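S.K.: With the input below, show me the fold.
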Amino acid sequence: MAQVSREVERQESTALVDRFGRSKQKLRISITDRCNFRCGYCMPEDPEWLPREALLSYEELLRLAKLFVTELGIRRIRVTGGEPLLRKGVDRFVASLSALREAGLERISMTSNGVLLRRYAPALVAAGLDDVNVSIDAISPARFQALTKGDLQPVLAGIEAAQAAGLPVKLNAVVIRDHNEDEILPLVRWAYRQRVPLRFIEFMPLDGNGAWSPQKVVPEAEIIERLSPHFAIEQLPRTREPARYYRVNGDYRLGVISTVSNPFCESCDRVRLTATGEIFPCLFSPVGVDLKAPLRAGAGDAELVERIRAAVWQKGRGFAVSAGYVQRSVSMHSLGG
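M.R.: Numbers count the residues shown, from 1 in each chain. Below is the predicted model of the structure:
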């Protein structure tokens with residue numbers, strides 16, 4: 001009992017909390033702004049890639065990740081981009097993160113477009129990656145190409161390769177009115193047959209081209225309504241996860257992240273670190289807090305931890321209160337979603 005009590009006290013002393021009492025246990029680390037797709041809700045039409053020296057090195061990212069885990073109570077890390085598999089050595093970075101499990105890290109995940117998974121899946125499993133989310137906004141090759149300017153087949157091959165390597169896969173699909181809402185049913189049918197979990201994501205006002213409008217949002221209720229004539233659907237109790245989940249035909253779990261129509265801000269437990277070393281406490285934060293400058297100027301761990309705590313403490317209530325378009329210099333391809 002004494003050991004359990006000490007562990008509880010340690011967790012309370014390291015908790016990373018905002019001014020509304022929400023504790024953070026999940027960190028998303030973007031390791032690159034580069035991507036080999038051109039999804040309009042994420043990427044500007046003519047992106048200008050950051051120079052290598054503008055990005056934090058793996059050593060710098062690892063130092064910050066270690067502080068988040070050992071000093072601030074982070075338990076889950078998700079590696080994102082851009083497309084994270086475009087940065088060389090990502091498997092070695094995952095292995096370095098895996099060494100933090102002894103300090104309390106419980107899970108390491110990745111979000112990818114899947115194109116390079118066929119090449120990297122075995123190495124990622126060996127490095128300690130626990131699971132991967134693959135973005136797939138259409139199952140029709142023609143529609144997929146129109147949305148991403150890329151080919152669907154390498155993505156499907158990447159999903160298959162990840163499964164063969166023993167890497168659990170989940171699918172994410174952003175739904176945009178007049179672009180791919182007719183892909184909702186085909187995507188669920190395909191994912192159901194493949195037994196791969198799928199989550200739909202409402203189109204959020206964070207796109208790289210400024211094209212978002214409320215009329216382009218396909219809300220959660222409509223997504224379920226489109227599926228109900230074809231499947232038996234049961235809504236499951238809400239958890240702290242961003243998605244609301246449904247049981248389909250009694251044996252398959254489908255999620256919907258309804259940030260616009262049904263925000264989950266009150267239970268948000270995540271914080272974001274960009275490849276350039278900025279903290280964004282909220283996906284909708286208009287500005288980030290720089291860690292790169294003090295890091296490279298020789299700041300000690302205590303100073304960096306205090307800077308992180310201060311940034312997260314100032315986190316707003318989120319989209320639920322400040323609904324609307326976010327104007328900022330960093331777009332989703334740099335922030336990591």
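S.K.: Let me see the contact set for Gln235.
M.R.: By CB atoms under 8 Å, 6 or more residues apart in numbering, the contact set of Gln235 is Arg244, Tyr245, Tyr246. The way it works is simple: take the backbone N, C-alpha and C, and place the C-beta from them, glycine included.
S.K.: Is the first one in contact with Val256, as I believe?
M.R.: Yes: contact status for Arg244 versus Val256: in contact at 5.5 Å, counting by CB atoms under 8 Å.
S.K.: residue boundaries of the strands in the protein?
M.R.: Remark: strands assigned in the chain by DSSP state E are 16-17, 23-24, 26-30, 76-80, 107-112, 131-135, 169-175, 198-202, 233-235, 244-248, 252-257, 270-273, 278-280, 289-290.
S.K.: With distance to Asp182 added, can I get those strands in a markdown table?
M.R.: Compiled in a markdown table, the strands of the chain are given as follows (distance: least, CB to CB, whole Å):
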| stretch | distance to Asp182 |
| --- | --- |
| strand 16-17 | 42 |
| strand 23-24 | 38 |
| strand 26-30 | 31 |
| strand 76-80 | 28 |
| strand 107-112 | 25 |
| strand 131-135 | 18 |
| strand 169-175 | 10 |
| strand 198-202 | 13 |
| strand 233-235 | 19 |
| strand 244-248 | 19 |
| strand 252-257 | 17 |
| strand 270-273 | 31 |
| strand 278-280 | 33 |
| strand 289-290 | 41 |
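S.K.: Switch those over to a markdown table; also include mean pLDDT.
M.R.: Formatted as a markdown table, the strands of the chain follow (pLDDT from 0 to 100):
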| stretch | mean pLDDT |
| --- | --- |
| strand 16-17 | 96 |
| strand 23-24 | 95 |
| strand 26-30 | 97 |
| strand 76-80 | 98 |
| strand 107-112 | 98 |
| strand 131-135 | 98 |
| strand 169-175 | 97 |
| strand 198-202 | 97 |
| strand 233-235 | 97 |
| strand 244-248 | 97 |
| strand 252-257 | 96 |
| strand 270-273 | 94 |
| strand 278-280 | 94 |
| strand 289-290 | 95 |
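S.K.: could you dump the contacts of Gln235 to a markdown table with neighbour count and distance to Gly166?
M.R.: Shown next, in a markdown table, are these (neighbours: other CB atoms under 10 Å; distance: CB to CB, whole Å):
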| residue | neighbour count | distance to Gly166 |
| --- | --- | --- |
| Arg244 | 20 | 29 |
| Tyr245 | 18 | 24 |
| Tyr246 | 20 | 27 |
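S.K.: hang on, the earlier thing: with respect to Gly298, which of the strands of the chain lies nearest?
M.R.: Taking CB to CB, strand 289-290 is the member of the strands of the chain nearest to Gly298, at 14.8 Å.
S.K.: Against which helices or strands is the closest one packed?
M.R.: Secondary structure elements in contact with strand 289-290, counted by 3 or more CB pairs under 8 Å, 6 or more residues apart in numbering; DSSP states H and E, are strand 278-280, helix 301-313.
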